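>>> With the input below, show me the fold.
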Amino acid sequence: MNKKDKAQSLSQGFLGSELCKRGQLTNDKKQLTNDKEQMTNDKEQMTTDPAFAQQVERLYQLTVYGRWLFVSCLWLTIAPLSLWGLRSEISLWQQYFTWVAVRYGLFYHPLPTFGLAFCIGMTAAVLVWQSRNILLGLPEQEKQRLEKQVYRIRQQGPTHPLWKWVCY
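Numbers count the residues shown, from 1 in each chain. You can find the predicted model right below:
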């Protein structure tokens, strides 16, 4: 075989494998489309179901409780350790309080400062998130995420860890 024949056979082999892959990809796309249509039909039936809406609300409440539990754990673990690291500075602040002393005390103790900042930041983030949800309602993307998660919990059934909390 000369170089031209080798190149032609290699390109035919490559094209043949590509055509096989494309055929398989077409079949895979059809299957995905069918699965998406089935899931869409199931979700449409569930969104009209009042029990489904109640389960979405329960999942949202679990999310809120989970976030506040996380923030509480931060304040019970990281904040005391951070304050313990600043104990000498705090005693100085009690005797001679100035904002400059606070600034330098926090600047020269970066780990406790980071711990307190993390606790304050997470608390503020959860407060803003929950306030936004109370005042403006849940964003559509958040609703869809919760509905999708409830759908997956229902699909898995009692073996899902959140089943007894959401779908009881």
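>>> Mind telling me what element W84 is part of?
helix 50-85 (DSSP states H and E).
>>> Could you list the low-confidence segments of this structure?
1-47 (pLDDT under 70).
>>> hmm, try it at 80
Residues of the chain that meet the criterion pLDDT under 80 lie in 1-48, 168.
>>> ranges for the helices of it?
3-47, 50-85, 87-95, 99-107, 110-136, 140-156, 163-166 (DSSP state H).
>>> one step back: what angle sits between the helix holding W84 and helix 87-95?
Angle of helix 50-85 versus helix 87-95, following axes from the mean of the first three to the mean of the last three CA atoms, to 10 degrees, is 80 degrees.
>>> Return the set of buried residues in helix 50-85.
Of all the residues in helix 50-85, those buried under the rule 16 or more other CB atoms under 10 Å are 52, 55-56, 58-60, 63, 67, 71, 74, 78-79, 82, 85. C-beta: built from backbone N, CA, C; applies to glycine.
>>> residues contacting the residue lying closest to G115 once chain neighbours are set aside?
Spatially, and ignoring its direct neighbours in sequence, G115 is nearest to S82 (3.4 Å; CB to CB, 6 or more residues apart in numbering). By CB atoms under 8 Å, 6 or more residues apart in numbering, S82 lies in contact with 111-116, 119.
>>> Quick check: S82 vs H109, distance?
9 Å (CB to CB, to the nearest Å).
>>> cool, and Y65?
Counting by CB to CB - Y65 and H109 are separated by 33 Å.
>>> now do A53
Distance from A53 to H109, by CB to CB: 49 Å.
>>> And R87, by the same measure?
Distance, R87 to H109, by CB to CB: 10 Å.
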